[in-house]
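**Q** Predicted model, plus sequence, below.
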Amino acid sequence: MLRLFTGIEIEAPVAARLTQALRFLRPTAKLQWSRDENLHITTKFIGAWAENHVEAVIQALHRVELPAAFDVAVGEIGYFPNANTPRVLMARVAHSQPLNELVSRTEDAMKFLGVAREERPYTPHITLARIRRGTQVQTLREAISQQPKDFGVFHARQFHLYRSENGVYTSLTAFPVH
């Protein structure tokens, strides 16, 4: 079984700015930090999928069409679900009509393959780290206050089907946004 999801790769110079922030933040708390090369915006978590049926996922995703490439704005660092009980450290991503449309069309494509629609509202973000319960984050909070409130904008020209294995994300296929 493969663990699959779809997402948007963060393009350089935005990725470089995030990587620079992570270098500064990592020594401030013992978290499960994301690898620099794994930074992305998830658009749909698909879950466990039989390897011999991955082609069906690829074919369904080829039918996801958007009229044009679009801008993605990456903002400040924050927490999920909130700053009082943080479980995830993330960089906020601005909602946009094209991004929301990509998510919706991906949900539709996967629904036809039996993958349940996400029940929670979509909150675009880039996961920077996972925070275990009880982890002290005061020094991290102070370090975050010194980080930019805006990491920049990049042009999303494609989305990917990713495989997650042992903490490494590998793009299996890229789908161009027309």
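**A** Everything's here; your move. Residues are numbered from 1 along each chain as shown.
**Q** and the gap between I41 and Q136?
**A** Noted for I41: a distance of 28 Å to Q136, by C-beta to C-beta, to the nearest Å. Backbone N, C-alpha and C define where each C-beta goes, glycine included.
**Q** of these two, who's got more company?
**A** Using other C-beta atoms under 10 Å, the more surrounded residue of I41 and Q136 is I41, with 22 against 10.
**Q** Look up the closest residue to the more buried one, ignoring the ones flanking it.
**A** I8 (4.4 Å; C-beta to C-beta, 6 or more residues apart in numbering).
**Q** Run through this protein and note the low-pLDDT ranges.
**A** 178 (pLDDT under 70).
**Q** Report the central residue of it.
**A** Closest to where the C-alpha atoms of the chain average out (C-alpha atoms, centre = their mean) is I41, at 2.3 Å.
**Q** hang on, isn't that residue packed against H125?
**A** Yes: with contacts counted by C-beta atoms under 8 Å, I41 reaches H125, the gap being 7.1 Å.
**Q** Return every residue with contacts to both of those two.
**A** V93 (C-beta atoms under 8 Å, 6 or more residues apart in numbering).
**Q** Restrict the longest helix along the chain to CA atoms and write it as CSV.
**A** When the chain is parsed with DSSP state H, its longest helix is helix 97-111. C-alpha atoms of helix 97-111 as CSV (Å, rounded to 0.1, in the frame of the first residue of the first chain):
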residue,chain,number,x,y,z
GLN,A,97,-10.5,31.2,-5.9
PRO,A,98,-8.2,29.2,-8.2
LEU,A,99,-6.6,27.3,-5.2
ASN,A,100,-10.1,26.5,-3.8
GLU,A,101,-11.2,25.4,-7.2
LEU,A,102,-8.2,23.0,-7.5
VAL,A,103,-9.1,21.5,-4.1
SER,A,104,-12.8,21.1,-5.0
ARG,A,105,-12.0,19.5,-8.4
THR,A,106,-9.5,17.2,-6.8
GLU,A,107,-12.1,16.2,-4.2
ASP,A,108,-14.6,15.5,-7.0
ALA,A,109,-12.1,13.4,-8.9
MET,A,110,-11.2,11.3,-5.9
LYS,A,111,-14.8,10.9,-4.8
